[in-house]
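> need a structure here:
(chains A and B)
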Amino acid sequence: MSATPLRAATGAYDVERIRRDFPILSRTVHGKPLVYLDSAASSQRPLAVIRAVDDYETRSHANVHRGVHALSQEATAAFEGARERVRRFINARSTREIIFTRGTTESINLVAQSWGRSQLGPGDEILITALEHHANIVPWQMVRDATGCSLVVAPIDLSGELIMEEFHRLLTPRTRLVAVAHVSNALGTVLPVAQIIAAAHARAVPVLVDGAQAVPHTRVDVQALGADFYAFSAHKLYGPTGIGVLYGREELLAAMPPWQGGGDMILNVTFERTTYNELPYKFEAGTPNMSGAVGLGAAIDYVESIGIEAIAAHEHCLLEAATASLCAIPGLTLIGTARHKAAVVSFVLAGIHPHDLGTILDAEGVAIRTGHHCAQPVMDFFGIAATARASFACYNTLGEVDKLAAAVRHAQEVFR
Amino acid sequence: MELKDLYRDVILDHNRRPRNFGRLDPADAAADGHNPLCGDRLTVSLRLSGDTIEDIRFEGKGCAISTASASLMSEAVKGRDRAAVQDLFGRVHALLTQPDAPADGSLGKLAALSGVREFPARVKCASLCWHTLNAALDQGGTISTEGGNESSAEAAP
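Below you'll find the predicted structure:
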C-alpha cells in the first residue's frame, strides 16, 4: 500500500486529514462524537491497515514457508516483507533478529523462558524498575520461581522518574539482566534507556527494553540504542492485535534454546532427534499470524508517511495543553510529572473515584482508561488503587483536550 | 443510557456519607472483597445472633456505586437472618442485571441501584459488597469478582 504524504502544503501537521484516515473516529458514542483518548491501551487503525489486511485475506492467504503453489509464495512474500519492514523501522542489522510474536507480553515471556531459564540460577539477579507493566514483572517472577534467581526493583521518585543513583547502586556483579520499560504505560515517564543500557553494558549485563509504549511515539533505532532485546506490539502502533515483535541481538538469539516446539521452527524431525530451524524461525513455532504481520507492515508505512518525529511533536503539544487544562481544575492531581513524558496524563480527582469518572466521561463520548493500568506496584507506590488516564495519538486534537477538561468539570457537577 | 439514572441522589448521598462505615472488633464473621479490575476493596464485618445479623460494618476504598451499594446493603440487612439476606440478594441481583426487572416495592432504598443495569461494566461494583457479605456468612475468607476465590481461616470466627 503506497503511503501518501500527509503534511499540508504549509508544512503544518494536518490532523483533520489524518483523522479522515481512521474510519472509527467518525462514529458517535452515546450520541456524542467519539473522543478517543485510550490509545495507550490500543490505538485505532487507519484505512491503509484495514485495507492491507483485507487485501491479504481476499487475495493472497495460504500457509507460509510450505507450499510451492502461488498463494503460499505470495503469503510468504507478504509475511517476510513485513519482517523486512519491521527491520528497517527499528534499524536492526538483520531480519534474523526480528521474531514475530503475539505481542509485547509474549516477546518478554519468550526471553524469560528461553534466555532466563537457561542462563539464570541462585545468586543471579534480574534488575527491573518500579514503573514496569505487569508484563515486565510477572514473567521474571516465573523465572525466579523456576531458577532460584532474585528479582530486584529499582525505585522511582514521586514525580514518577527512575532514581538513577539507586539504579546504579542496584546494578551489581550479581545482576545478569536488566529489563526496563522505555516509556511507562501508567504515567508516561520516558526512561533514560540509553543511559541504562550504557551502565548495564559497562558491566556486560544485557538489557531487555519493553518498548510497547515507546515505538508509537519516538524513533527507535535498536543499534544506536544498543538494546539486546526490544519488545513491542502492533496494536499500539495503529496495527492489528495479536502480532508483535521481539528484536534480539543475533549472538544472543543464536545461543538461546527454542521455547515452543512445533512446525516452522524445525529443519528435521525424527522420533530420536530434532534439528531446529535457523533464526528467526527457531522461535516461531506453528503457523504464524500472517495477516497481522501484513497489517503491522502497513501500520509502519502509515506512521512513516506522517513521520514519527511529526507525530511526536504533535503529541507533545497535546500533552502540554492537557497538562495545563487539567491542572487548572480544582481537586485534580496529576500522577506522574516526570520531566520527560510521552503523551499520557494520569490523574485522580478529589471525591470522585476514577471508575465513576470513566463512566461519566463515557457518557460524553470521551473514552479514557480507568484502573491500575496493569501496573499495580505503581499504584501502590502512590498509595492509590486506580487513576484516570488519557493518552494521545497522532489523530487527537486540541479540541479533544478541551472536551476532556470540560467532561471532567461536568463530572464534578454531577458529584457536587 | 442516562447518567442521572446511575448517579441518583440516594447513591450520591450514601457515597458521600456511607452508613455503617468501619469495622466491628471483635466480629463474629468478616470477609474481604476485591474487584481487581478497578482496584475496589472492601471488608464486611458482622455481629451475629444465631443466624441473624445483629450489626454490620463495612470499610474500604471504592467507587461511588460500590460504596453506596455497600452502605445501602448494610442498612437493609441489619436484623435479617441468613435466608432473608439470600432472598434480598436474589432480588437485588435481578434488579442489577435483568433488563426489564419489574419495580420491586419491597426493596426500599435499594431500588436506587436500578440504574446500574444500563451500565453493564458497573454491575460488579454494585454486587461486590453482597458477594463479600455472603463470604462472611460462609465463615469468612476473601472473594474476588474475577474468580480465583480463596478461602482463608484468618477471618473465621
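> my guess is A:I99 is in a strand, correct?
Yes - counting by DSSP: H, G, I helix; E, B strand; the rest coil, one finds A:I99 located in a strand.
> for chain B, see how far away it is.
For A:I99, the distance to chain B equals 31 Å [CB to the nearest CB, to the nearest Å]. Any C-beta I mention is one placed from the backbone N, CA and C, and that applies to glycine too.
> bridged to that residue, which residues?
Going by DSSP bridges, A:I99 is paired in beta bridges with A:L246.
> ok, it - how many residues close by?
27 (other CB atoms under 10 Å in any protein chain shown).
> give the contact list for it.
A:107, A:110, A:245-248, A:253, A:279-280, A:283-284 (CB atoms under 8 Å, 6 or more residues apart in numbering or on different chains).
> distance of it from A:K403?
Distance from A:I99 to A:K403, counting by CB to CB, to the nearest Å: 40 Å.
> can you pull the domain assignment for chain A?
Listed by automatic domain parsing, the domain ranges of chain A are A:51-304, A:308-414.
> can I get the ones you listed in CSV including mean pLDDT?
Output for those, formatted as CSV (pLDDT from 0 to 100):
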stretch, mean pLDDT
domain A:51-304, 97
domain A:308-414, 96
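> with distance to B:P18 as extra columns, can I get those domains in JSON lines?
Formatted as JSON lines, those follow (distance: least, CB to CB, whole Å):
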{"stretch": "domain A:51-304", "distance to B:P18": "28"}
{"stretch": "domain A:308-414", "distance to B:P18": "13"}
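> Three-state assignment for A:V153, please.
Quick answer, by three-state DSSP: A:V153 is strand.
> for it, name its beta-bridge partners.
A:I128.
> OK, contacts around it?
Neighbouring residues of A:V153 by CB under 8 Å, 6+ apart: A:127-130, A:377.
> what about these, which one has the most neighbours?
Going by other CB under 10 Å, A:T129 tops the contacts of A:V153 with 27 neighbours.
> nearest residue to the residue in chain B positioned nearest to chain A other than its sequence neighbours?
The minimum distance from chain B to chain A, using CB to the nearest CB, falls at B:G39 (3.1 Å). Leaving out its chain neighbours, the residue that sits closest to B:G39 by CB to CB, 6 or more residues apart in numbering or on different chains is A:A385, at 3.1 Å.
> ok, back up a step: and the furthest pair within the contacts of A:V153?
Largest separation among those by CB to CB: A:L127 and A:P377, giving 14.7 Å.
> ok, which stretches of chain B are helices?
For chain B, helices defined by DSSP state H occupy the ranges B:3-6, B:9-16, B:64-77, B:82-97, B:123-137.
> out of the contacts of A:I99, which sit inside helices?
A:107, A:110, A:253.
> show me which residues of the stretch 251-400 of chain A are close to chain B?
Counting by CB under 8 Å from any CB of the partner chain, the stretch 251-400 of chain A comes close to chain B at A:351-356, A:359-360, A:363, A:370-372, A:376, A:379, A:385-386.
> which ChimeraX command selects the buried ones in these?
Buried members of those, defined by 16 or more other CB atoms under 10 Å in any protein chain shown, are picked up in ChimeraX with:
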select /A:352,353,354,355,356,359,360,363,370,371,372,376,379,385,386
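> which of the residues of the stretch 251-400 of chain A next to chain B sits closest to A:W115?
The closest of these, once distances to A:W115 are taken by CB to CB, is A:Q376, at 25.7 Å.
> and for the closest one, nearest residue in space, chain neighbours not counted?
Closest residue to A:Q376 apart from its sequence neighbours, by CB to CB, 6+ apart: A:H134 at 7.2 Å.
> what sits against the one you found?
With CB under 8 Å, 6+ apart, A:H134 has these contacts: A:374-376.
> the closest residue to chain B within the stretch 51-200 of chain A and A:V207, how far apart?
Relative to chain B, the nearest point of the stretch 51-200 of chain A is A:H134 (11.1 Å; CB to the nearest CB). A:H134 sits 20 Å away from A:V207, going by CB to CB.
> and if you look at B:T132?
Between B:T132 and A:V207 the distance, using CB to CB, works out to 44 Å.
> could you do A:S114 as well?
Taking CB to CB, one finds A:S114 at 16 Å from A:V207.
> likewise for A:A255?
Counting by CB to CB, the gap from A:A255 to A:V207 is 16 Å.
> with A:L187 instead?
Using CB to CB, we find A:L187 at a distance of 21 Å from A:V207.
> how about the residues of chain B by chain A?
Near chain A, when you scan chain B using CB under 8 Å from any CB, you find B:1, B:3, B:6-7, B:12, B:16, B:37-41, B:61-65, B:119, B:121-122, B:125.
> emit the ChimeraX select command for whichever of these are buried.
In ChimeraX syntax, the buried subset of the residues of chain B next to chain A is picked out as below (16+ other CB under 10 Å):
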select /B:3,6,7,12,37,38,39,40,41,62,63,64,65,119,122,125
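> give me the neighbour count for the residue nearest to B:G22 when sequence neighbours are not counted.
Computed as CB to CB, 6+ apart, the closest residue to B:G22 that is not its neighbour in sequence is B:R57, at 4.5 Å. B:R57: 20 surrounding residues under other CB under 10 Å.
> ok, A:D55 next?
When neighbours are defined as other CB under 10 Å, A:D55 has 15 of them.
> show me the contacts for the residue nearest to the spatial centre of chain B.
Centrality entry for chain B: nearest residue to the mean C-alpha point is B:C129, 2.6 Å, by CA atoms, centre = their mean. By CB under 8 Å, 6+ apart, B:C129 lies in contact with B:33, B:42, B:44, B:58, B:66, B:69-70, B:73.
> which pLDDT does the model give it?
Note for B:C129: predicted pLDDT of 96.
> is it true that A:S114 touches A:A285?
No - between A:S114 and A:A285 there is no contact under CB atoms under 8 Å: 11.7 Å.
> next, show the common contact partners of the two.
With CB under 8 Å, 6+ apart, A:S114 and A:A285 have common neighbours A:P258.
> could you find the closest non-adjacent residue to A:F382?
Excluding its sequence neighbours, the residue lying closest to A:F382 (CB to CB, 6+ apart) is A:I335, at 5.5 Å.
> how far away is that neighbour from A:E284?
39 Å.
> spit out the contact partners of residue 116.
Going with chain A. Per CB under 8 Å, 6+ apart, neighbours of A:G116: A:126, A:139-140, A:143, A:147, A:149, A:177.
> oops, wrong one, chain B.
B:V116 touches B:6, B:65, B:96, B:122-123, B:125-126, counting by CB under 8 Å, 6+ apart.
> quick check, nearest of those to B:L88?
Distance to B:L88, by CB to CB, is smallest for B:L96 among those, at 12.4 Å.
> what is the neighbour count of the closest one?
Quick note: B:L96 (other CB under 10 Å) scores 25 neighbours.
> buried sites along stretch A:162-169?
So for stretch A:162-169, counting by 16+ other CB under 10 Å, buried means A:162, A:166-167.
> just want the residue of the stretch 1-150 of chain A that's nearest chain B.
A:H30 (5.8 Å).
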